[in-house]
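1. Any chance you could fold what I've pasted below:
(one chain, ligands or ions: 1)
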Amino acid sequence: MIRINSYYSNLSDNFLFYETKMRAERFEAAHPERRLLRLGIGDVTLPLAPVVIEALHDAVDEQARPETFHGYMPELGKDFMKQAAVTNYARRGVRIDPEEVFVCYGIGDDLGAIGGLFASENRVAVVEPAYPAYADTNLMAGRTIVPIPGTEENGFLPLPFPGLEAELIYLCSPNNPTGAAYSKAQLQAWVDWANEHQAVILFDAAYEAFITDPAVPHSIYELSGARECAIELFSLSKSAGFTGTRLGYTVVPKTLIREGRSLQSMWVRNRSTCTNGVSYLLQRAGAAALTEEGLRQSRASLGVYRKNAQILASTLDRCAIRYFGGANAPYLWLRCPEGMDSWTFFDNLMENAGIVGTPGVGFGACGEGWFRFSCFSTPAVTAEAAARLLSYFGA
Ligand code: MLT
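-> Residues are numbered from 1 along each chain as shown. Predicted coordinates for the structure are as follows:
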């Protein structure tokens, strides 16, 4: 008889965003007269930049003609897309070799797969609150999670501490869900720790486009020694509106060696075995998004999301609700009122204000009593949510 993966019993029944979606859908089915406003999952609402749409149309036309048709893509990415990533790093003064860039459909897919490079006995430090897939994908593989709690006291930016024992470390800066962002000096402490302990950092850079503070690094490779210890995951989902289009890349430096093996070579072996490459159409779209013009056009959307953040932040100020974030990231992280736990507040806010957010405890135990609002809604939904919040809190 086949044996199933027993580690699944270490997971909660539902993934966080699946659970919030189900609860919202159940509510809507029971109250068809109510209109829910969604500030939950960080899903973009503004269309792709015109240069991206143009590139997609051109790529479709190429697929229609025998002389320009493309079959299988290279497993690791087309040269033009890898070069677009390299150029994007060069804008920040970071030098990456095209062979270190692995084009993918977005961070979600690679987060699940990259664990395949590491043995199951490794201990996995997750700087929490954190995107729940960091822990869940490792729990599925039977790894032990070492939560590193972010708290109000440490500004949600915990640093390595004496006695910390882990071999893999997940960091996301600017952080989802708190919006906290490590300075260069703080991130350097993690890089130094990882090199000293021969650990590996998985750095999620999904929110780098939202950084406004010049003291905050956009890539971990801005830090000295990071090429020797860090893998960086990047996505166009939030920066260029690709949540429904899909494109990202993972950087595995050739200088990242553990137990005498190159992780870059191992990842080449993994990807060339486990994938058939990323759609040509999407790589053309991704490369267009990373041109100067593509970045310029996307900045207009980022400005709209930033304005949403300001509106929600000033609303929370008026309601005297304590919150963090919104400056270098598209999320606001707020204290649940009246000592409510995260899920109680989720239900209460949905029932009484018709607003769907995300319960903080879904990002780790230290998120209990906290809540997250996404700033990716349309300005109209954000304005209505702000009005409903004022009334909910009696402000
Ligand atoms: C979030 O809302 O935390 C994420 O954006 C959802 C995702 O990327 O899957």
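
2. which SS state does the residue of the chain found nearest the ligand fall under?
-> Relative to the ligand, the nearest point of the chain is Gly42 (3.2 Å; CB to the nearest ligand atom). Backbone N, C-alpha and C define where each C-beta goes, glycine included. What DSSP: H, G, I helix; E, B strand; the rest coil gives for Gly42 is coil.

3. Looking at it now. What's its pLDDT?
-> If you check Gly42, the pLDDT there is 96.

4. Can you give me every residue that contacts it?
-> By CB atoms under 8 Å, 6 or more residues apart in numbering, the contact set of Gly42 is 176, 238, 330-331, 374, 376.

5. contacts with the ligand among the residues you listed, please.
-> Asn176 (CB under 6 Å from any ligand atom).

6. Make JSON lines out of the contacts of Gly42 and add secondary structure and pLDDT.
-> JSON lines is the format used below for the contacts of Gly42 (DSSP: H, G, I helix; E, B strand; the rest coil; pLDDT from 0 to 100):
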{"residue": "Asn176", "secondary structure": "coil", "pLDDT": "98"}
{"residue": "Lys238", "secondary structure": "coil", "pLDDT": "96"}
{"residue": "Pro330", "secondary structure": "coil", "pLDDT": "97"}
{"residue": "Tyr331", "secondary structure": "strand", "pLDDT": "98"}
{"residue": "Ser374", "secondary structure": "strand", "pLDDT": "98"}
{"residue": "Phe376", "secondary structure": "coil", "pLDDT": "98"}
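
7. Can you lay out the contacts of Gly42 as TSV showing neighbour count and distance to Asn348?
-> Shown next, in TSV, are those (neighbours: other CB atoms under 10 Å; distance: CB to CB, whole Å):
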residue	neighbour count	distance to Asn348
Asn176	24	23
Lys238	25	28
Pro330	24	24
Tyr331	27	20
Ser374	26	18
Phe376	26	23
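
8. wait, which of the contacts of Gly42 is closest to Leu263?
-> Distances from Leu263 to these, taken as CB to CB, are shortest for Asn176 (24.5 Å).

9. Tyr331 is in contact with the closest one, correct?
-> Yes - using CB atoms under 8 Å, Asn176 makes contact with Tyr331 at a distance of 6.2 Å.

10. Quick check, pLDDT for Gly112.
-> Listed pLDDT for Gly112 reads 86.

11. show me the contacts for it.
-> Contacts for Gly112 (CB under 8 Å, 6+ apart) come out as 133, 137.

12. how does it look with 10 Å?
-> If you count contacts by CB atoms under 10 Å, 6 or more residues apart in numbering, Gly112 has them with 133, 136-138, 140-141.

13. Out of these, give me the one that has the most neighbours.
-> Neighbour count (other CB atoms under 10 Å) singles out Asn138 as the most crowded of these, with 25 neighbours.

14. what residues are up against that residue?
-> Asn138 makes contact with 7, 10, 111-112, 115, 118, 120, 122-124, 126, 144-145, 168, 170 under the criterion CB under 10 Å, 6+ apart.

15. can we see that at 7 Å?
-> 115, 124, 145 (CB atoms under 7 Å, 6 or more residues apart in numbering).

16. Is it correct that the first one is in contact with Leu139?
-> No - when contacts are counted by CB atoms under 7 Å, Gly115 is not listed as touching Leu139 (10.4 Å).

17. Grab the most central residue of this structure for me.
-> Geometric centre of the chain, nearest residue: Ala206, 4.4 Å, by CA atoms, centre = their mean.

18. And what about that one, helix, strand or coil?
-> On the three-state scheme (three-state DSSP), Ala206 is labelled coil.

19. For it, give me the backbone phi and psi.
-> Dihedral angles of Ala206 (phi, psi; degrees, to the nearest 10) stand at phi -60, psi -30.

20. now swap in the one 10 residues further on and tell me
-> Dihedral pair for Val216: phi -100, psi 120, per degrees, to the nearest 10.

21. quick one: contacts for it?
-> Contacts of Val216 were listed using CB under 7 Å, 6+ apart, and they are 181, 183, 328.

22. Same check on Val191?
-> 220, 223, 225-226, 229-230 are the contacts of Val191 under CB under 7 Å, 6+ apart.

23. What of Val44?
-> Counting by CB under 7 Å, 6+ apart, Val44 touches 238, 241, 243, 376.

24. what's the distance between the first one and Ala353?
-> It stands for Lys238. Here the criterion is CB to CB, to the nearest Å. By it, Lys238 lies 25 Å from Ala353.
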